[in-house]
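Asker: Here's my sequence, what's the structure:
(chains A, B, C and D)
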Protein chains: 4
Amino acid sequence: MASYAYLGPAGTFTESALKKIATTSDQKTPYANVTATLNAVRNGEVEFALVPIENSVEGVVARTLDELAIGDPLVIVNETTLEVEFSLLSREGFSKNSITTIATHPHAESQCRAYIAKNYPHAEIIYLPSTAAAAEAVSKDEYSVAIASEGAAELYNLNIIEKNIGDSSGATTRFVLVSKPGLIPEPTGYDRTSLAAFIGADHAGALLEILTEFSVRGVNLTFIQSRPTGAGLGDYHFIIDAEGHINDERVGEAMMGLHRICEQIRYLGSYPRADKVAPTTDKSNHDDVFQEAASWLVDIRSGRKI
Amino acid sequence: MASYAYLGPAGTFTESALKKIATTSDQKTPYANVTATLNAVRNGEVEFALVPIENSVEGVVARTLDELAIGDPLVIVNETTLEVEFSLLSREGFSKNSITTIATHPHAESQCRAYIAKNYPHAEIIYLPSTAAAAEAVSKDEYSVAIASEGAAELYNLNIIEKNIGDSSGATTRFVLVSKPGLIPEPTGYDRTSLAAFIGADHAGALLEILTEFSVRGVNLTFIQSRPTGAGLGDYHFIIDAEGHINDERVGEAMMGLHRICEQIRYLGSYPRADKVAPTTDKSNHDDVFQEAASWLVDIRSGRKI
Amino acid sequence: MASYAYLGPAGTFTESALKKIATTSDQKTPYANVTATLNAVRNGEVEFALVPIENSVEGVVARTLDELAIGDPLVIVNETTLEVEFSLLSREGFSKNSITTIATHPHAESQCRAYIAKNYPHAEIIYLPSTAAAAEAVSKDEYSVAIASEGAAELYNLNIIEKNIGDSSGATTRFVLVSKPGLIPEPTGYDRTSLAAFIGADHAGALLEILTEFSVRGVNLTFIQSRPTGAGLGDYHFIIDAEGHINDERVGEAMMGLHRICEQIRYLGSYPRADKVAPTTDKSNHDDVFQEAASWLVDIRSGRKI
Amino acid sequence: MASYAYLGPAGTFTESALKKIATTSDQKTPYANVTATLNAVRNGEVEFALVPIENSVEGVVARTLDELAIGDPLVIVNETTLEVEFSLLSREGFSKNSITTIATHPHAESQCRAYIAKNYPHAEIIYLPSTAAAAEAVSKDEYSVAIASEGAAELYNLNIIEKNIGDSSGATTRFVLVSKPGLIPEPTGYDRTSLAAFIGADHAGALLEILTEFSVRGVNLTFIQSRPTGAGLGDYHFIIDAEGHINDERVGEAMMGLHRICEQIRYLGSYPRADKVAPTTDKSNHDDVFQEAASWLVDIRSGRKI
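Answerer: Model (predicted):
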């Protein structure tokens, strides 16, 4: 039986996502925010934590990226994705015509902006720390309605006034499962490797150099996001997802290249992609070709070969 | 007399920033959120709008980027920066020991996390749409204290319990002034050009190509941020700030290069940098060298020269 | 009726190649060496000159490259290729067993090295300025046999002892037709553009920069050769053949790029490829896309568009 | 006592160059041409062979490059350079006014072209396999004068009519000392590594890729020359000299990169530069930084570090 922390409260999309990874008998504990969820792993309360990292409409979850890149070290060991569908929820017997306040999380609000503008242009928007918290507040009659998941409706015994009110149908959130460093899942053939690259001051053109380190070894990137280091405007680090596993020769050599040119590289884990898409890379970048080149170099250096 | 919209309410940092740009006689109107502020320009209510675009600690303001890249076209015509200092504010006579709720904007909260954790670990955090709204709510006795600017204390007649409570001293926010398309400020010698690049599906390595279009013409980038297009996980566009003015030959040629290789490029304006830093570029990328090369090509093509 | 100089004497491969370009009524004059052949154009004796530029086995003809890159300006206006077949020639009645000397041009000797080593290892090799001169010398009984073309056998009334004695069957020579500057043939859709790039002292990495100027605009190179500038060991210039015509937008922009970064660029002509192979380039590098990008930039700069 | 072959005959510039490397007691044997000189090492007659590889005016010695790249394997173990000065030589009592023939090697002729054109425009040029052979022929009264070295004048007892008749004063030739594979000189801190890269058919953009493999690891190139593979026009391989020793980490990794992307790479030796110029490379490409990156990767892969 494994133990999991997740971004709570109960009824959030993260809980739904966790059900795709954990078994029913596993212990699952909601935490109030991303930092608290990850701290539960750091301080040993749980083995794993599940937190959202990016949404296909809203973009990245900045705090997740910052915690992984700058907080006490953790590694990603798995990921899962969930199609996010928003519903408008109210207490039993509440009339649509009486809506004066809409409670939800800012990200949910931004994904339902067009719906709100069209249907409830005069409603006041109340930001709460999660959509589940919004559902709970509505269940306590604090606000007219909540924008939250269907799971939250069930949990807080609310009615679903309208389903699928998001502006983009099929918005998807990606969640990452993290553990303490030391755990590297076996390569599956469809892995992703995450890292944070800190460039160092006054290193113009550094991003081009970073991309070239990957490109020259045939490693494609699936995600790149800049985040401020906090040192000043224009001072960024990059969170990068690359195709392949840290044990792949091409990924390893690219990582060494980054280690040489960057002020700091933090390895954030290698783990199977939720979409099970295998890397597309040229034959010249396969492991056996790397290993053959290494043997060849040993022979050359020993004078045994030309 | 010019007319300005700004991200309100009165008492926000954006209002303070606007005072650095507008004169006292100019008309300044607060709007409830970034979209509304920008819409005031779009629908002709005001000539200009000032909104935050990035913070040295918190990162980008996603909605500003999305509005500029995807919303109805606007151009940036100026920028300004403001050191953001957070204060803890209360009504007259309120005791620090009675703090049970802290109202603020999520970005402000994230910049004061360490301070809150150390001093008020048990206080409930209340998210409001702006730090000024938090100050106003405290003035109405809705919450114990607000994290907001000193300007908000003055506006809402609150006491400053503690100044400079941000985790990073010297956090800075950059604000952009936008107008309707058509206005391109004269080059100053220390300009920035902003754009949004939409890569198109299935174009691996596109970011490397984009960076190369700039690099080969000696144009340095000062900002690059990926944002989801909304079409699905992994589908991004990029907002880029480049050194130089659209009228600079090297910037123009790089823009044409992007126009050729990208699905879509949106020009977001050329404007003087707040820090007045001039581009560092090799002599071979100066305007006169570009123009000489163009004359030379005309001569070559006409057969007049070899 | 056009007038042509060619690398003589009569009976050389260059004369055979000229027959593929000129009509029988055209005036064709042999010259003693590459420089003299090209000077005949420079001083107005003839309109055109045909000289070899590279051979698929022997490599480049250094003097041709140096004359074009450094001598008084000329432009290439056409090219042709010829499969070079060497024969062993003797006077009537001469016995193979009496061969003590083999006269030929050094390039021909190097292409028949294996044949000579196997069959006539003890014969003395006599270098003459051309294979035709070797045939002529043999016709005058100065040497035992000549390695030359079948045409030379006919011209000097020699017997062919053995045909196709070259080590590589199918060795091919490329010849270029040059004229005074000012003549640029119309684009055909399968053109080549030649140029010489002088990098300037102390410009490490310059070749990578040069290649990038072409690559970023989708211009493929078909030939690149370094030649000493004469200023010292390690001081080179480059002769480059690129796919496309100087009138192609992508070629023109690449040339301007080179003009900016190199100490000197000499345009050496645009002309149809003998093999009629059209450039392979991405749609984003076609002329119409370049022109659309230029119109777009004009609109952007005028403020008419975003 | 070491044994050396050199490009003869006695009196050539190569003999002069050999005196800079070998001791007077070493055995030094002239051979008739580059191939024969190198074969003396291949078949065990001598330990080392000295041959010219490039001249600052004339360019590369194609046969040396081809023998090293395509002939039976040899490695370069040392290099030396010699300033080449040409003199006009005649037998005792010969009058300048009687010059009808000038014997010399084609490379020498091309370096004295301006001198000949000005002073002896009507003299017939006779090509011989070496300048020493020309001197010898003149000593036998076969031709009027020879263009050769002062050493040849002494050896063949000729008068020096005029010294330093080369068009470029200070033309320099670089010579390489080769041995059988297996010998790799110790790194000196100012080494050069030579190699031949065979790209394989239909690999457009391969040269750019090759240069990038070096550039991304901070390895500068000092020499790059294309040579035909013999398979057809446009089918080239490249001979490259890189700064550094095969034992340098950055050079080794670049070589492995080439080994992966090229059809074939032939290592041609690492040896001290005659000019003793040390590589200029960024700190991030020093051996210790490479080794630290490798240790770091081992730690990451073992899960011991993040």
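
Asker: what number of residues lie near residue A:178?
Answerer: 29 (other CB atoms under 10 Å in any protein chain shown). (Glycine included, C-beta is placed from N, CA and C.)

Asker: thought it was touching residue A:38?
Answerer: Yes. Counting by CB atoms under 8 Å, residue A:38 is a contact partner of residue A:178 at 6.5 Å.

Asker: intersection of neighbour lists for those two?
Answerer: A:49, A:51, A:74 (CB atoms under 8 Å, 6 or more residues apart in numbering or on different chains).

Asker: neighbour-wise, which of these leads?
Answerer: Using other CB under 10 Å as the neighbour test, those are led by residue A:49, with 29 neighbours.

Asker: which residues does that one form a beta bridge with?
Answerer: Under DSSP bridges, the beta-bridge partners of residue A:49 are residue A:5, residue A:178.

Asker: residues contacting it?
Answerer: A:4-6, A:31, A:37-38, A:40-41, A:74, A:177-179.

Asker: Of those residues, which pair is most distant in space?
Answerer: A:31 and A:179 (15.3 Å; CB to CB).

Asker: what residues does the stretch 151-300 of chain A put near chain B?
Answerer: A:168, A:170-172, A:174, A:204-205, A:207-208, A:211-212, A:215, A:220-228, A:230-235, A:280 (CB under 8 Å from any CB of the partner chain).

Asker: Would you mind giving me the PyMOL syntax to select the buried ones in the residues you listed?
Answerer: Listed next is the PyMOL selection for buried residues among these, using 16 or more other CB atoms under 10 Å in any protein chain shown:
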select buried, chain A and resi 168+171+172+174+207+208+211+212+215+221+222+223+224+225+226+227+228+230+233+234
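
Asker: From residue D:79, how far off is the most centrally placed residue in chain A?
Answerer: Of all residues in chain A, the one closest to the mean position by CA atoms, centre = their mean is residue A:53, 2.0 Å from it. Separation of residue A:53 from residue D:79 (CB to CB, to the nearest Å) stands at 56 Å.

Asker: So for residue A:57, what pLDDT did the model give?
Answerer: Model confidence at residue A:57, expressed as pLDDT, equals 82.

Asker: does it really touch residue A:167, like I thought?
Answerer: Yes. Residue A:57 lies in contact with residue A:167 (CB under 8 Å); the separation is 7.5 Å.

Asker: what residues are shared contacts of these two?
Answerer: Joint contacts of residue A:57 and residue A:167 (CB under 8 Å, 6+ apart) are residue A:111.

Asker: Compare these two (neighbour count), which wins?
Answerer: residue A:57 (23 against 16).

Asker: which residues does the residue nearest to that one when sequence neighbours are not counted contact?
Answerer: In space, and not counting its chain neighbours, residue A:57 is closest to residue A:171: 4.3 Å by CB to CB, 6 or more residues apart in numbering or on different chains. Neighbouring residues of residue A:171 by CB under 8 Å, 6+ apart: A:55-58, A:83-84, A:111, B:230.

Asker: So for residue A:203, what's the pLDDT?
Answerer: 59.

Asker: Okay, residue A:95 and residue A:142: tell me how far apart.
Answerer: 17 Å.

Asker: ok, these two, which is more surrounded?
Answerer: The neighbour comparison of residue A:95 against residue A:142 (other CB under 10 Å) goes to residue A:142, with 14 against 9.

Asker: quick one: that one and residue A:103 touch, right?
Answerer: Yes. Using CB under 8 Å, residue A:142 is in contact with residue A:103, at 7.3 Å.

Asker: from the stretch 51-200 of chain A, which residue is nearest to chain B?
Answerer: residue A:127 (4.2 Å; CB to the nearest CB).

Asker: how about the nearest residue to residue A:241, chain neighbours excluded?
Answerer: residue A:223 (3.7 Å).

Asker: So which elements touch the helix or strand harbouring that neighbour?
Answerer: Taking DSSP states H and E as the definition, residue A:223 sits inside strand A:221-228. For strand A:221-228, the packing partners by 3 or more CB pairs under 8 Å, 6 or more residues apart in numbering or on different chains; DSSP states H and E come out as helix A:62-70, strand A:236-243, strand B:221-228.

Asker: Dump the ones you listed into CSV; add mean pLDDT as well.
Answerer: Shown next, in CSV, are the helices and strands packed on strand A:221-228 (pLDDT from 0 to 100):
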stretch, mean pLDDT
helix A:62-70, 94
strand A:236-243, 94
strand B:221-228, 90
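
Asker: Going by length in residues, pull out the top helix of chain A.
Answerer: As assigned by DSSP state H, the longest helix anywhere in chain A is helix A:287-302.

Asker: Residue A:184 reaches residue D:301, doesn't it?
Answerer: Yes. Between residue A:184 and residue D:301 there is a contact at 7.2 Å, judged by CB under 8 Å.

Asker: So which of those two has more stuff around it?
Answerer: Per other CB under 10 Å, whichever of residue A:184 and residue D:301 has more neighbours is residue A:184, with 20 against 17.

Asker: Which strand or helix spans that one?
Answerer: Residue A:184 belongs to no helix or strand, assigned by DSSP H and E.

Asker: pLDDT wise, what is the nearest residue to it once chain neighbours are set aside at?
Answerer: Closest residue to residue A:184 apart from its sequence neighbours, by CB to CB, 6+ apart: residue D:303 at 5.3 Å. Residue D:303 carries a pLDDT value of 87.

Asker: residue contacts, residue D:303?
Answerer: For residue D:303, counting by CB under 8 Å, 6+ apart, the contacting residues are A:181-184.

Asker: residue ranges with poor pLDDT in the stretch 201-306 of chain A?
Answerer: A:201-204, A:306 (pLDDT under 70).

Asker: change it to 50
Answerer: Counting by pLDDT under 50, the stretch 201-306 of chain A has no low-confidence residues at all.

Asker: Contact residues of chain A facing chain D?
Answerer: A:73-75, A:181-184, A:212-213, A:216-217, A:246-247, A:252-253, A:255-257, A:259-261, A:266-268, A:284-285, A:289-290, A:292-294, A:296-297, A:300-301, A:303-306.

Asker: Summarise which helices and strands the helix or strand containing residue A:146 is packed against.
Answerer: Element membership for residue A:146 (DSSP H and E) is strand A:145-148. For strand A:145-148, the elements it packs on are strand A:87-90, strand A:101-104, helix A:106-111, helix A:131-139, judged by 3+ CB pairs under 8 Å, 6+ apart.

Asker: Report all helices and strands that the first one contacts.
Answerer: It refers to strand A:87-90. Looks like strand A:87-90 contacts helix A:131-139, strand A:145-148, helix A:150-155, strand A:159-162 (3+ CB pairs under 8 Å, 6+ apart).

Asker: For that strand, which outside residues touch it?
Answerer: With CB under 8 Å, 6+ apart, strand A:87-90 has contacts from A:96, A:99, A:135, A:138, A:144-150, A:152-153, A:156, A:158-165.

Asker: let's see it at 10 Å
Answerer: Under the criterion CB atoms under 10 Å, 6 or more residues apart in numbering or on different chains, residues A:96, A:98-99, A:102-104, A:112, A:115-116, A:119-120, A:131, A:134-135, A:138-139, A:143-154, A:156-166 lie in contact with strand A:87-90.

Asker: What's the PyMOL line that selects buried ones from those?
Answerer: Applied in PyMOL, the following selects the buried portion of the contacts of strand A:87-90 according to 16+ other CB under 10 Å:
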select buried, chain A and resi 99+102+103+104+112+115+116+120+131+134+135+138+139+143+144+145+146+147+148+149+150+151+152+153+156+158+161+165+166
